[in-house]
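K.L.:
predicted model and sequence below, questions to follow.
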Amino acid sequence: MSATAEQYFPLVVPATSLLLGLALLAGWRSLRDHRYLLWLAGGYICTVFPLAAQILMDNARMATWSVLTGAMYCAGSWATAQGFALRSGGRVSGPAALAISLITLLALFCFSRLDDVLGTRIVFLNLGMGLLLALALPVLFDSEQPDTLFERLLRRTYLLLVAYAILRPLLAWLLAGWFTSSGLPRSGLWLWMLAFNLLLNLWLLFLLLGGLAQQLMGELRHERNHDPLTQLLNRRAFFEIANHRLQHDPARPWALLACDVDHFKQVNDTWGHAAGDNVLRQVGVLLQQMTRPDDLVARFGGEEFVLLVHCHDLSTAARIAERIRVGLSQMHCSPAKQSITASFGVTMVATAQDLESALERADLAVYQAKHEGRNRLILSPSQDGTDCMLPDQQATP
């Protein structure tokens, strides 16, 4: 029983690789946009046969099958490198990967069929696998992925995997004279190295799935917080972020700008809802372009937009709103290339408790701007409640 267990227990390693590959394949079937999962699944699955063959065969049979098992090892390493490169927004060099694979297989053929030298085969195979994995390193370390803890650990673990693949035969030779052993698949050191390789791949997969979960959570959070048409903040997210900023930085002055597109119903009635959606998207783009990164821009619904901008006083807020108003009036995004105008209400926000009241004041100011001819802005001072209009504005219906 002990001999059987000693021979077959290492099959846990290829069996685990198969299960990991199938798990990644199932993940890809559910997340088709993450195509790198398919490549990584192929990387794990391609190593199943050569790993099992090494465990069950003696060195003489391994020499007979060395080219085939080497080809599958190279395919697995190539697929793994491609998967990590795709995840980072790039690709590995196909010609370089093909050249490394062909040189590796040629060496395996020469040192198994022409001259059976186990040690040289081990060196060439591991060096080829390491170089194939290394093709993803430039893309991985120049990734556009957010610099999170998962990403940093993932890059360092992948680098360790590459170094381990290249240095593995040297380590084995230094510790146990692997190259002269006639029982390689059953040597204690080889089993320890199989276990370490399995743990390293499990850790790498854990980091990969952790990063994927973090990315999916970010996407879900973005969908929850943003308007799907304009990609601006929605009403709920606006109040959540605005309250947080006003509570944690009460000394910083903020102004609230309410914006309502003029005659928007006519756009929908005349040219259809697709044209209306295009107008709203263009307005959203312009609002983001004409504000700073730390300002909040939200679509509250329909043709109504709300901005929370950092400025010192109401007159500064009025200049910001006027610049946006002029920018909107110069847009020509309707099918008839007619200009799009908007009415604005502007007020200051004192505290988080004042936010709801400030929104009411800004809405009333927008209503007054509509009543007085549209395409203008009305200021609503927060202290005395009086309204005023910039003296140089003209009503443009």
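P.N.:
On my side now, so go ahead. Numbers count the residues shown, from 1 in each chain.

K.L.:
wait, doesn't E151 sit right on L208?
P.N.:
No - using CB atoms under 8 Å, E151 is not in contact with L208; the gap is 10.4 Å. From N, CA and C alone the C-beta is placed, and that goes for glycine too.

K.L.:
okay, these two: which has more neighbours?
P.N.:
Higher neighbour count among E151 and L208: L208, with 22 against 19, using other CB atoms under 10 Å.

K.L.:
just give the nearest non-adjacent residue to that one, would you?
P.N.:
Distances taken as CB to CB, 6 or more residues apart in numbering put L154 closest to L208, at 6.5 Å, once the chain neighbours are dropped.

K.L.:
strands of this protein, start to end?
P.N.:
For the chain, applying DSSP state E gives strands covering 254-261, 296-301, 304-310, 342-349, 377-379, 388-389.

K.L.:
CSV for those, including distance to L68?
P.N.:
Below are the strands of the chain laid out as CSV (distance: least, CB to CB, whole Å):
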stretch, distance to L68
strand 254-261, 67
strand 296-301, 59
strand 304-310, 64
strand 342-349, 69
strand 377-379, 75
strand 388-389, 83
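
K.L.:
who wins for proximity to P10 among those?
P.N.:
Counting by CB to CB, P10 lies closest to strand 296-301 out of the strands of the chain; the figure is 58.2 Å.

K.L.:
for that closest one, give the mean pLDDT please.
P.N.:
Averaged over strand 296-301, pLDDT sits at 94.

K.L.:
which helices and strands sit right next to it?
P.N.:
helix 235-248, helix 273-289, strand 304-310 (3 or more CB pairs under 8 Å, 6 or more residues apart in numbering; DSSP states H and E).

K.L.:
A134: which of those is closest?
P.N.:
helix 273-289 (40.6 Å).

K.L.:
any buried residues in that closest one, and which?
P.N.:
Within helix 273-289, the residues scored as buried using 16 or more other CB atoms under 10 Å are 275-276, 278-280, 282-284, 286-288.

K.L.:
show me the helices in the stretch 51-200 of the chain, by range?
P.N.:
Under the criterion DSSP state H, counting those that start in this stretch, the stretch 51-200 of the chain contains helices at 59-64, 66-87, 94-109, 118-134, 137-140, 149-176, 188-225.

K.L.:
is it possible to get a markdown table of these that adds distance to F264?
P.N.:
Converted to a markdown table, those look like this (distance: least, CB to CB, whole Å):
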| stretch | distance to F264 |
| --- | --- |
| helix 59-64 | 74 |
| helix 66-87 | 42 |
| helix 94-109 | 51 |
| helix 118-134 | 56 |
| helix 137-140 | 45 |
| helix 149-176 | 43 |
| helix 188-225 | 24 |
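
K.L.:
make a markdown table from the ones you listed and add mean pLDDT and distance to A26 to it.
P.N.:
Converted to a markdown table, the helices of the stretch 51-200 of the chain look like this (pLDDT from 0 to 100; distance: least, CB to CB, whole Å):
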| stretch | mean pLDDT | distance to A26 |
| --- | --- | --- |
| helix 59-64 | 79 | 32 |
| helix 66-87 | 94 | 15 |
| helix 94-109 | 94 | 26 |
| helix 118-134 | 88 | 24 |
| helix 137-140 | 92 | 24 |
| helix 149-176 | 82 | 21 |
| helix 188-225 | 83 | 12 |
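
K.L.:
N375 is nearest to which of those helices?
P.N.:
helix 188-225 (30.7 Å).

K.L.:
now do that closest one against helix 235-248, angle only.
P.N.:
Relative orientation of helix 188-225 versus helix 235-248 (axes from the mean of the first three to the mean of the last three CA atoms, to 10 degrees): 100 degrees.

K.L.:
now helix 188-225: how far from the chain's centre is it?
P.N.:
In terms of CA atoms, centre = their mean, to the nearest Å, the centre of helix 188-225 is found 15 Å from the chain centre.

K.L.:
show me what that helix packs onto, helices and strands only.
P.N.:
helix 12-30, helix 149-176, helix 235-248.
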